[in-house]
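In: fold the following, please.
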Amino acid sequence: TPAVRYLYILIENKTTKTTMVSSGGGRKKGKASGGEVQISKSPAEFFAENQAIAGFDNMGKSLYTTIRELVENSLDACESVHILPDIEVQIEELTQPEFNVLRGLTSPTKKKVGSGEQVTPSFSTGVKQKDVGLFSKGKKLKAGDKGKADSSDLGSNTAADGGSNEKKGKKDNKKKKPSTEAYFRIKVRDNGCGMSHDAIPNLLGRVLSGSKYGVRQTRGKFGLGAKMALIWSKKSTGVPITITTAHMPNAQSEPAEFVSTCVLDIDIYKNEPRIIEHKKRRNTEKWIGTEFEVLIAGNWTTYKSRIVQYLQQLAIITPYAKLEMHYANKSDNKRNMTIRYDRRSEQMPQPAREVKHHPSSVNNLLVQQLLERTRTKTFLKFLTSDLSSVSPALGKRLIAELGNGFEEGMSPGDLSDKQVTRLVQLLRSVELFKAPDGSCLSPLGEYNLNLGIRKVLEPTIIATARDKPGAYEGHPFIVEAAVSVGGKEVKEGITVVRFA
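Out: Predicted coordinates:
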């Protein structure tokens with residue numbers, strides 16, 4: 001949207017010393033009017049502080065968004081080389097003690113069970129006593145009472161329970177609510193194109209660095225998804241991400257000779273990758289694809305249904321993909337679950353092709369960028385080469401309509417700001433341009449849409465339709481629709497699902 005596009009330009013400019021005015025914090029750059037401090041923030045720092053923009057509003061949604069972004073990266077990696085996707089998601093839930101043991105914050109303790117020993121996580125820190133008052137909302141402990149209870153007694157001390165044995169007994173009878181604070185080790189593995197060894201740090205460790213800024217249909221555009229997962233990991237657990245990948249440029253290429261492994265962090269303030277480990281080994285198994293591992297804080301309880309629903313809806317619109325998710329809870333195996341959607345179709349949509357901007361979709365900023373980047377020598381050549389749907393004959397008519405100050409042979413770089421504004425006004429008002437090029441779209445197709453709904457919902461009746469390509473303000477679109485009646489686990493009433 002224009003608003004998001006403006007945000008992108010604004011943040012990109014920050015890397016070139018554009019500054020923001022703030023009343024405190026940050027790296028001091030100078031004094032602004034009124035005594036305010038002027039600071040400069042990198043894109044990574046901005047999104048770390050405003051993570052809700054990228055869908056990381058809370059613990060539960062951050063877990064959901066992380067899974068979604070990694071899965072869609074995997075789909076893009078497969079579709080870019082036209083390989084039928086095989087995507088596996090592993091989610092392992094850890095309690096805080098288990099996370100602490102994993103991070104080396106505490107050491108596991110041994111308990112005797114029968115004739116053997118069982119290793120269990122503990123909050124032990126080597127200190128025999130703790131200030132219990134720090135962890136209680138009840139009565140204030142007297143100075144002499146501090147530290148009397150061991151850390152194992154935090155849930156049953158008198159101060160924490162309100163002070164009376166009667167209240168304590170009543171509270172003990174109540175069922176304790178399970179803690180919603182948890183940590184999740186997420187692995188997403190695919191069989192896509194992978195990443196070249198040298199490109200990994202910048203692809204995943206530099207916010208707003210991406211390859212999807214052209215005019216074509218893509219699942220992502222601004223280079224945020226996987227980087228935000230890294231930023232959330234850094235904020236919630238402090239653990240870097242691990243990427244294992246084998247690169248294949250296209251479907252006809254041989255599997256990569258090496259498998260690369262990169263342990264990566266990000267410097268928030270410089271918006272630069274911080275490489276902890278970057279190595280490669282021989283690809284003896286001839287594997288291609290990527291495995292992305294991240295450890296984050298989250299909440300499975302509140303967003304489990306959303307994650308399951310997302311995979312179900314994804315299976316509907318990608319019947320050519322095999323999707324599998326395994327959820328494991330280390331402390332309660334009864335909660336483990338597996339979801340699997342097998343491939344139903346081997347017909348993949350044609351990949352979207354990057355096209356030129358349509359004259360009806362331009363604005364002042366975009367035209368200025370095109371003028372600066374063009375390799376053409378004349379204004380007429382610029383109109384016919386850098387924009388779509390402009391023939392040489394139509395280009396001459398446009399220049400004549402623009403009037404004084406515009407010539408066919410003038411250099412594109414000689415246009416002033418006023419002339420750019422006049423050009424944009426004319427381009428957006430002319431009705432003779434051909435319709436935008438629809439090859440930048442990658443429609444699913446009625447066949448796949450029908451198969452996807454039958455595979456997942458198993459309806460009694462289904463009908464599909466696809467409209468002719470259309471355009472809105474120079475942007476092409478295609479509407480594909482389906483209606484189904486009945487099916488497996490379908491609720492009463494009308495359910496509308498929109499994919500875009």
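In: so which residues of this structure form helices?
Out: Here the chain has its helices, by DSSP state H, at 2-14, 43-49, 59-79, 96-103, 165-173, 200-205, 225-236, 300-317, 364-373, 379-386, 392-402, 417-429, 446-457.
In: compare the ones you listed and give me the one nearest residue 437.
Out: Across the helices of the chain, residue 437 has its closest neighbour in helix 379-386 (14.0 Å, CB to CB). Where you see a C-beta, it was placed from the backbone N, CA and C, and this is true even at glycine.
In: need the helices of the chain in CSV (columns: mean neighbour count and distance to residue 269).
Out: Supplementary listing: the helices of the chain in CSV, determined by neighbours: other CB atoms under 10 Å; distance: least, CB to CB, whole Å:
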stretch, mean neighbour count, distance to residue 269
helix 2-14, 13, 12
helix 43-49, 21, 6
helix 59-79, 23, 22
helix 96-103, 18, 24
helix 165-173, 11, 47
helix 200-205, 20, 13
helix 225-236, 22, 12
helix 300-317, 17, 30
helix 364-373, 15, 28
helix 379-386, 20, 37
helix 392-402, 15, 46
helix 417-429, 15, 34
helix 446-457, 19, 44
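In: and these as JSON lines, adding distance to residue 188?
Out: What follows is the helices of the chain, written out as JSON lines (distance: least, CB to CB, whole Å):
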{"stretch": "helix 2-14", "distance to residue 188": "25"}
{"stretch": "helix 43-49", "distance to residue 188": "21"}
{"stretch": "helix 59-79", "distance to residue 188": "4"}
{"stretch": "helix 96-103", "distance to residue 188": "19"}
{"stretch": "helix 165-173", "distance to residue 188": "42"}
{"stretch": "helix 200-205", "distance to residue 188": "13"}
{"stretch": "helix 225-236", "distance to residue 188": "10"}
{"stretch": "helix 300-317", "distance to residue 188": "12"}
{"stretch": "helix 364-373", "distance to residue 188": "35"}
{"stretch": "helix 379-386", "distance to residue 188": "38"}
{"stretch": "helix 392-402", "distance to residue 188": "48"}
{"stretch": "helix 417-429", "distance to residue 188": "42"}
{"stretch": "helix 446-457", "distance to residue 188": "21"}
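In: now those as JSON lines including distance to residue 487 and mean pLDDT?
Out: Listed next are these as JSON lines, based on distance: least, CB to CB, whole Å; pLDDT from 0 to 100:
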{"stretch": "helix 2-14", "distance to residue 487": "36", "mean pLDDT": "36"}
{"stretch": "helix 43-49", "distance to residue 487": "40", "mean pLDDT": "87"}
{"stretch": "helix 59-79", "distance to residue 487": "24", "mean pLDDT": "92"}
{"stretch": "helix 96-103", "distance to residue 487": "40", "mean pLDDT": "87"}
{"stretch": "helix 165-173", "distance to residue 487": "45", "mean pLDDT": "50"}
{"stretch": "helix 200-205", "distance to residue 487": "39", "mean pLDDT": "89"}
{"stretch": "helix 225-236", "distance to residue 487": "32", "mean pLDDT": "88"}
{"stretch": "helix 300-317", "distance to residue 487": "11", "mean pLDDT": "93"}
{"stretch": "helix 364-373", "distance to residue 487": "45", "mean pLDDT": "92"}
{"stretch": "helix 379-386", "distance to residue 487": "49", "mean pLDDT": "94"}
{"stretch": "helix 392-402", "distance to residue 487": "51", "mean pLDDT": "94"}
{"stretch": "helix 417-429", "distance to residue 487": "46", "mean pLDDT": "94"}
{"stretch": "helix 446-457", "distance to residue 487": "4", "mean pLDDT": "91"}
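In: those helices: which one's closest to residue 409?
Out: If you check each of these against residue 409 by CB to CB, helix 379-386 wins as the nearest, at 7.2 Å.
In: report all helices and strands that the closest one contacts.
Out: Contacts of helix 379-386 with other secondary structure elements, assessed using 3 or more CB pairs under 8 Å, 6 or more residues apart in numbering; DSSP states H and E, are made with helix 364-373, helix 392-402.
In: now the longest one and helix 379-386, what's the angle there?
Out: Going back to what we said before, that points to helix 392-402. With axes from the mean of the first three to the mean of the last three CA atoms, to 10 degrees as the basis, helix 392-402 and helix 379-386 are set at 130 degrees to each other.
In: could you list the residues in contact with stretch 423-437?
Out: Outside stretch 423-437, the residues that touch it by CB atoms under 8 Å, 6 or more residues apart in numbering are 355-356, 358-364, 367, 387-390, 394, 398, 401-402, 406, 415, 469, 471, 474-476.
In: which of these are buried, as a ChimeraX select command?
Out: Typed into ChimeraX, the next command selects the buried ones out of those (criterion: 16 or more other CB atoms under 10 Å):
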select :355,356,358,359,360,361,362,363,367,387,388,389,390,394,398,402,406,415,471,474,476
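In: would you quantify the distance from residue 463 to residue 480?
Out: To residue 480, residue 463 is 12 Å away according to CB to CB, to the nearest Å.
In: these two: who's more crowded?
Out: residue 480 (16 against 12; other CB atoms under 10 Å).
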